[in-house]
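Chemist: starting from these lines, generate the structure:
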Amino acid sequence: MEAPALIRNLPQIIHRYKYAALILLIGLGLLLLPSRQEPAPPQTPQSALNEPSDLEEKLAQILTSIDGAGQVQVLLTEKSGQETLYQTDSQTDSDESGVSERSDTVLIDDNSRNQLGLVRRQDPPVYLGALVVCQGAGSPSIRLAVVQAVQCVTGLKSDQIQVVKMK
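Modeler: Below is the predicted model:
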């Protein structure tokens, strides 16, 4: 088509493709909108070691209430952190070529229109060992009471718990 013919037919072309152009403009406008979600800064392993966990703080607070234990500090080492298992829908199809299995995570919408996985189970962390530093660790009876208390909370065996005297 020549340029003068294109200019003459421009109103007909616009009329014919007005809805497609409108949808295209709306789509471009939506792409330019900023997203509302900001990614959380990744936590480095170094900073994770420097910050005591809630369990360590609670355990230290409880252990200080043991008669004769005095001031207490607790360090727990984890084999694996807390694990969250999500609910899934499984579908199995069979045909001449074989059996195919498909599994999808069940998603739910929260109040702010975000999709979250439906939590089926949360497994607690698995601990490797515990170090307890306390003022009263010189007494065998206090050491035993501290070891038994840490065993109850963490599920560790007594040989995985070390209790030492604070200076």
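Chemist: can you pull the phi/psi pair for the closest residue to Asp110 other than its chain neighbours?
Modeler: Nearest non-adjacent residue to Asp110, counting by Cβ to Cβ, 6 or more residues apart in numbering: Leu116, 5.7 Å away. From N, CA and C alone the C-beta is placed, and that goes for glycine too. Main-chain dihedrals, Leu116, degrees, to the nearest 10: phi -120, psi 150.
Chemist: double-check that Arg143 belongs to a helix.
Modeler: Yes. Applying DSSP: H, G, I helix; E, B strand; the rest coil, one finds Arg143 inside a helix.
Chemist: that one reaches Val164, doesn't it?
Modeler: No. Assessed by Cβ atoms under 8 Å, Arg143 is found out of contact with Val164, at 9.2 Å.
Chemist: find residues that contact each of those two.
Modeler: Ala137 (Cβ atoms under 8 Å, 6 or more residues apart in numbering).
Chemist: neighbour count winner among those two?
Modeler: More crowded of Arg143 and Val164, by other Cβ atoms under 10 Å: Arg143, with 20 against 13.
Chemist: give me every residue that touches that one.
Modeler: Neighbouring residues of Arg143 by Cβ under 8 Å, 6+ apart: 137, 163.
Chemist: could you number the chain from 33 rather than 1 from now on?
Modeler: Will do, 33 is the new start, and the previous item becomes Arg175.
Chemist: quick one: it and Arg134, what's the gap?
Modeler: In this view, Arg175 and Arg134 are 55 Å apart by Cβ to Cβ, to the nearest Å.
Chemist: worst-scoring helix or strand of the protein, pLDDT-wise?
Modeler: In the chain, no helix or strand scores lower on mean pLDDT, DSSP states H and E than helix 77-82, which sits at a mean of 48.
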